[in-house]
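# The amino acid sequence is not available; the structure is as follows:
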């Protein structure tokens, strides 16, 4: 099998496993929320927000750096160096994982007490922290095999991790919740402590059930690592090859460090963004928050002490849907990296402009269409997923999902802009925009959450403002350093204007006409109408044309610039 075929087959395998993992995650969250409620989801989110910055740095840097070095030396047939990297990475990544886990453990009480104001979240955080160590060790196996273009270990291990997380998480959450609710019903106690009502009982139960569910996540991470260890034990190809682990470890550390710093800036401000939301919610007037969420709270039992956690859990559930759109369009940015880099290195500015305009345009089109569908169908989607198990999330989350959907194209365009800058070798120039974007989000969260008319919708506004600046800044960096003038009007403004026009037309003229009792039928009909209407407007405005679509079926030779441009799309 030649290199190209091996790359394509490996990429397809990893893509398929990633889709499967996302499907398992979606299935997992629905029954989980019914067991632990939005309050439990809040405790989940608290723990993830503590650990995720470290995960982003370790999982996003360590395997990539190792994979790059292994690939380089493997292509030169320097297998002694490859073996050295394999062994040194296991030691180095284990040390990094242990140190990071220890630091997080020491910070847990401070984080839960003084940052999020939820001491009950300590249990969930402590249970999740070992995943940092397990994931770092797993990176040494994944990065090595990925460098050899063997994606099977990564694909299988991440699928196993998702499956075990779902199985153990749901079983433990269900058992814990059922056990303590039964105790309350029989003796009006929880953990042997006398409680007066169901609200007080659930306030004691949710932290423990969330902790039990999180144990499933940690077990999933552990089983994933065990699979990689067993898989590696049967791989004896480099076992007898002489090694120099100290030199290889030093090279790996030096190569990883600059990437860690740039990724760390993003992680720190993502953490501060979430922490500012959590802390601000804990400090606001609870009566105002209860009034804003009255429609959701009418369908569940939430004590005043758990209200900020409930609000953050509701917000976290809504973010699951918003993140789908930039998550999908990110594929365009990832695919853009090699071709943008190639055109820039060849100093083919005409091709570079065609490529960049095309990628930005289709990012804007896809994200705008996805945002439109999410705006129009948010009620149907939430009802299909949560109406039976957690009706309060279906009701309370609708407005938040719509608000986030309105701003979703901004996040997609910002992501593509960052990929552009990285593609032409100016990744360090993205550090300052990330820092400014993060600082703006933190400040706006603190200010806007105090506004009694905004409250929980503050992250929508702060995120839109921050990522708009991030997108514009990175596109300017790209244009300035490549001397390429992007067609902002046609590539960004037109698709977004058409999206806003479709949104206004639907809610002005069609909203009351398209009402169906069955959510699935409603979702399908609304989606078809929105897609057709949006596509027609795109054709009328020249954003799409039939020659683009049918070019794939034309066997005539296509000019190089156009052929490569359309291949990206």
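Now that the structure is in, tell me what you want to look at. Worth saying up front: this structure is predicted, and the values here are computed from it rather than measured.

# Please identify the buried residues of stretch 383-401?
Residues 383-386, 390-401 are the ones in stretch 383-401 that count as buried (16 or more other CB atoms under 10 Å). Backbone N, C-alpha and C define where each C-beta goes, glycine included.

# Looking at those, which one is closest to residue 371?
Using CB to CB, residue 401 is the member of those that sits closest to residue 371, with 10.7 Å.

# number of nearby residues for residue 486?
Counted by other CB atoms under 10 Å, the residues lying close to residue 486 total 20.

# I misspoke; the intended subject was residue 493.
Residue 493 has 12 neighbouring residues, counting by other CB under 10 Å.

# Give me the number of neighbouring residues for residue 286.
With neighbours defined by other CB under 10 Å, the count for residue 286 comes to 14.

# what's it in contact with, if anything?
Taking CB atoms under 8 Å, 6 or more residues apart in numbering as the definition of contact, the neighbours of residue 286 are 304, 307, 308.

# Could you dump these into TSV with distance to residue 510, pLDDT and neighbour count added?
Shown next, in TSV, are the contacts of residue 286 (distance: CB to CB, whole Å; pLDDT from 0 to 100; neighbours: other CB atoms under 10 Å):
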residue	distance to residue 510	pLDDT	neighbour count
304	41	80	12
307	36	86	21
308	38	85	24
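
# would JSON lines of those with secondary structure be doable?
Putting those into JSON lines (DSSP: H, G, I helix; E, B strand; the rest coil) gives the following:
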{"residue": "304", "secondary structure": "helix"}
{"residue": "307", "secondary structure": "helix"}
{"residue": "308", "secondary structure": "helix"}
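
# Which of the buried residues of stretch 383-401 sits closest to residue 347?
residue 401 (45.0 Å).

# For the residue lying closest to that closest one once chain neighbours are set aside, grab the count of nearby residues.
With sequence-adjacent residues excluded and distances taken as CB to CB, 6 or more residues apart in numbering, residue 401 is closest to residue 378, at 4.4 Å. By the other CB under 10 Å criterion, the neighbourhood of residue 378 contains 22 residues.

# Residue 246 too?
Counted with other CB under 10 Å, the burial measure for residue 246 works out to 11 neighbours.

# same question, residue 49
Neighbour count of residue 49, defined by other CB under 10 Å: 23.

# For it, list the residues it contacts.
Residue 49 neighbours (CB under 8 Å, 6+ apart): 116, 271, 274, 275, 278.

# give the contact list for the fourth one.
Translated: residue 275. Under the criterion of CB under 8 Å, 6+ apart, the contact list for residue 275 reads 49, 111, 115, 116.

# Quickly name whichever of the residues you listed is closest to residue 482.
Taking CB to CB as the measure, residue 49 is the one of these closest to residue 482, at 36.0 Å.

# pLDDT value on the closest residue to residue 384 other than its chain neighbours, please?
Of all residues not flanking residue 384 in the chain, residue 519 sits nearest, at 4.8 Å (CB to CB, 6+ apart). The per-residue pLDDT reported for residue 519 equals 80.

# and residue 519, what is it in contact with?
Counting by CB under 8 Å, 6+ apart, residue 519 makes contact with 380, 383, 384, 387.

# Show the pLDDT at the last one.
It stands for residue 387. What the model reports as pLDDT for residue 387 is 79.

# for it, what are its contacts?
Going by CB under 8 Å, 6+ apart, residue 387 touches 394, 519.

# How about residue 228: what's its closest non-neighbour residue?
Of all residues beyond its chain neighbours, the one nearest residue 228 is residue 141 (4.0 Å), with distances taken as CB to CB, 6+ apart.

# do the same with residue 244
Nearest residue to residue 244, sequence neighbours excluded (CB to CB, 6+ apart): residue 84, at 5.1 Å.

# The one you found should be in a strand, yeah?
No. Counting by three-state DSSP, residue 84 is not found in a strand; it is helix.

# show me what contacts it?
Counting by CB under 8 Å, 6+ apart, the residues that residue 84 touches are 243, 244, 245, 247, 248.

# residue boundaries of the strands in the protein?
If DSSP state E is used as the criterion, the strands of the chain fall at 189-190, 193-194.

# To residue 356, which of these lies closest?
It is, among those and with distance given as CB to CB, strand 189-190, at 58.6 Å.

# Which other helices and strands does that closest one contact?
helix 152-187, helix 198-233 (3 or more CB pairs under 8 Å, 6 or more residues apart in numbering; DSSP states H and E).

# quick one on the thing from earlier: highest neighbour count among the contacts of residue 275?
Counting neighbours by other CB under 10 Å, the top entry in the contacts of residue 275 is residue 116, with 26 neighbours.

# Report how many residues lie close to the nearest residue to residue 417 once chain neighbours are set aside.
Using CB to CB, 6+ apart and skipping the chain neighbours, the partner closest in space to residue 417 is residue 474 (3.7 Å). Neighbour count of residue 474, defined by other CB under 10 Å: 26.

# hang on, residue 474 packs against residue 418?
Yes. Between residue 474 and residue 418 a contact is recorded at 5.3 Å, counting by CB atoms under 8 Å.

# chain center to stretch 91-98: distance?
Remark: stretch 91-98 is offset 25 Å from the chain centroid, using CA atoms, centre = their mean, to the nearest Å.

# tell me the contacts of residue 166?
Contacts for residue 166 (CB under 8 Å, 6+ apart) come out as 24, 25, 27, 28, 216, 220.

# Put together JSON lines for the residues you listed, with pLDDT, neighbour count and distance to residue 254 on each row.
Below are the contacts of residue 166 laid out as JSON lines (pLDDT from 0 to 100; neighbours: other CB atoms under 10 Å; distance: CB to CB, whole Å):
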{"residue": "24", "pLDDT": "81", "neighbour count": "18", "distance to residue 254": "37"}
{"residue": "25", "pLDDT": "76", "neighbour count": "13", "distance to residue 254": "35"}
{"residue": "27", "pLDDT": "73", "neighbour count": "14", "distance to residue 254": "42"}
{"residue": "28", "pLDDT": "81", "neighbour count": "20", "distance to residue 254": "39"}
{"residue": "216", "pLDDT": "93", "neighbour count": "22", "distance to residue 254": "38"}
{"residue": "220", "pLDDT": "94", "neighbour count": "23", "distance to residue 254": "33"}
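
# if we take those residues, which one ends up nearest to residue 351?
Distance from residue 351 was checked for each of the contacts of residue 166 by CB to CB. The minimum falls on residue 25, at 38.4 Å.

# Leaving out sequence neighbours, find the closest residue to that closest one.
Closest residue to residue 25 apart from its sequence neighbours, by CB to CB, 6+ apart: residue 162 at 6.2 Å.

# got the contact list for the one you found?
For residue 162, the contacting residues are 20, 21, 24, 25, 28, 220, taking CB under 8 Å, 6+ apart as the criterion.

# how many neighbours does residue 382 have?
The burial metric for residue 382, expressed as a neighbour count using other CB under 10 Å, is 23.

# All further residue positions should be reported with the first residue as 10.
Got it, first residue is 10 now, which makes that one residue 391.

# Please list all residues in contact with it.
Residue 391 sits next to 402, 403, 406, 407, 410 when contact means CB under 8 Å, 6+ apart.

# can you give me the helices for the stretch 10-159 of the chain?
For the stretch 10-159 of the chain, the helices defined by DSSP state H, counting those that start in this stretch cover 12-84, 88-119, 131-137, 139-156.

# Turn the ones you listed into CSV, including distance to residue 471.
As requested, the helices of the stretch 10-159 of the chain are arranged in CSV below (distance: least, CB to CB, whole Å):
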stretch, distance to residue 471
helix 12-84, 16
helix 88-119, 24
helix 131-137, 24
helix 139-156, 28
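
# Could you say which one of these comes nearest to residue 352?
Taking CB to CB, helix 12-84 is the member of the helices of the stretch 10-159 of the chain nearest to residue 352, at 19.6 Å.

# Report the inter-axis angle for the closest one versus helix 161-196.
Using axes from the mean of the first three to the mean of the last three CA atoms, to 10 degrees, the interaxial angle of helix 12-84 with respect to helix 161-196 works out to 90 degrees.

# on that earlier part again, mind putting the contacts of residue 171 in a markdown table, distance to residue 270 included?
As requested, those are arranged in a markdown table below (distance: CB to CB, whole Å):
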| residue | distance to residue 270 |
| --- | --- |
| 29 | 33 |
| 30 | 29 |
| 33 | 33 |
| 34 | 30 |
| 37 | 34 |
| 229 | 30 |
